[in-house]
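Undergrad: 3D, please:
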Amino acid sequence: MGFELKNESGCLFKDNFNEHDFETPGFRSEPLEFTSPLGTTKGMQWFFDGMKMSYAASVFNQPLALKWTTDTEMITMHFNLEGKVSVFDKELPDAFELSGNEHNMFYGKEAEGHIQDEELRLKLFLIQLSKKSFFTLAGEGNDAIKRFADKVAAGKSAAFSPSSLNIDLPLQNCITAILNCRYVDSLKRMYFFSKAMEMLVLQAESFDRSLNKKSLYLKKEYDKERILYARDYLLKNMDCPPTLTELSKIAGINEYKLKRGFKETFNQTVFEYLSDVRLEMAKNDLLEKRKTITEIAFELGYCSLQHFSTAFKKKYGQSPGQARG
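TA: Below is the predicted model of the structure:
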């Protein structure tokens, strides 16, 4: 069967991928696109070294509830960017729910779940691995990875974290870097493998932080949704960002909760987050060499070339000109 997505009317999408397909040699990329009466999904899939990476963005015509099932043995690093997805494995006592901007990692031989969407959008980024590839990627790892790896080795279904974790900026930057990668396939294969390893490390770090941290400011799902809305609005308007007061009104959340809830979610203040996103985008633009340094600075909202150069050198230890090479 592989993977199947259906609603009450029947099957909407089917992927016959199974654990044997992890052994496909070389590097292969495929567009992911399908249309149903409910909406459209577009994305990409990459296959290499016992690994399958997938990005899918769906836009729906109406609120919906879909059911998905899979019978492929694998480890899944799940990054839920928008929408809500539940994961249920009959060998685990509880179902897991991932809301927007949450991640977790699962191992199992059969699983199912639901996709629920009230805002008509769903975005997912997945890294799915064979057992062999996972052990290569995980190496020694920290205690959390070792415990998870022990269950994988024993063939026991497992979730990496008992509750979903927030996708912070370093994880988001990895996903963005993968989606925007312009290397040729031979280099892309190496680059994607290194990013998968980095994301596993970041997942482990995220889990360690969660052990010593409780949610103090975002008690309701609505509050978390407002923080994500504020983040998305900020990034769409980074050339001319709103003040905190303006952003709180736009997002429909008070300024106190915005400031503290944002840092609780992303481990950075609102404008630390914005600064890091700008500089990461600037670094990528510099490496591509398609724009002048002045164009990059002003497109990203810096008030002067000097301001941009100072911020860039402070973060990366070299000037924009040196980074361009």
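Undergrad: make it CA atoms for all contacts and neighbour counts henceforth
TA: Noted.
Undergrad: please enumerate the strands of the protein.
TA: Along the chain, counting by DSSP state E, strands occupy 3-7, 10-15, 27-36, 39-48, 51-60, 64-70, 74-82, 84-87, 96-98, 102-108, 111-117, 121-129, 158-159, 165-166.
Undergrad: mind listing what's buried in the fourth one?
TA: By neighbour count, with 16 or more other Cα atoms under 10 Å as the criterion, the buried positions of strand 39-48 are Thr41, Gly43, Met44, Gln45, Trp46, Phe47, Phe48.
Undergrad: with the first one instead?
TA: Burial within strand 3-7, assessed by neighbour count using 16+ other Cα under 10 Å, is assigned to Phe3, Glu4, Leu5, Lys6.
Undergrad: returning to that earlier point: in JSON lines, list the strands of the chain along with mean pLDDT and distance to Lys224.
TA: Shown next, in JSON lines, are those (pLDDT from 0 to 100; distance: least, Cα to Cα, whole Å):
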{"stretch": "strand 3-7", "mean pLDDT": "82", "distance to Lys224": "28"}
{"stretch": "strand 10-15", "mean pLDDT": "79", "distance to Lys224": "31"}
{"stretch": "strand 27-36", "mean pLDDT": "90", "distance to Lys224": "30"}
{"stretch": "strand 39-48", "mean pLDDT": "94", "distance to Lys224": "25"}
{"stretch": "strand 51-60", "mean pLDDT": "94", "distance to Lys224": "21"}
{"stretch": "strand 64-70", "mean pLDDT": "83", "distance to Lys224": "21"}
{"stretch": "strand 74-82", "mean pLDDT": "95", "distance to Lys224": "12"}
{"stretch": "strand 84-87", "mean pLDDT": "90", "distance to Lys224": "13"}
{"stretch": "strand 96-98", "mean pLDDT": "92", "distance to Lys224": "13"}
{"stretch": "strand 102-108", "mean pLDDT": "96", "distance to Lys224": "11"}
{"stretch": "strand 111-117", "mean pLDDT": "80", "distance to Lys224": "16"}
{"stretch": "strand 121-129", "mean pLDDT": "94", "distance to Lys224": "16"}
{"stretch": "strand 158-159", "mean pLDDT": "95", "distance to Lys224": "23"}
{"stretch": "strand 165-166", "mean pLDDT": "92", "distance to Lys224": "10"}
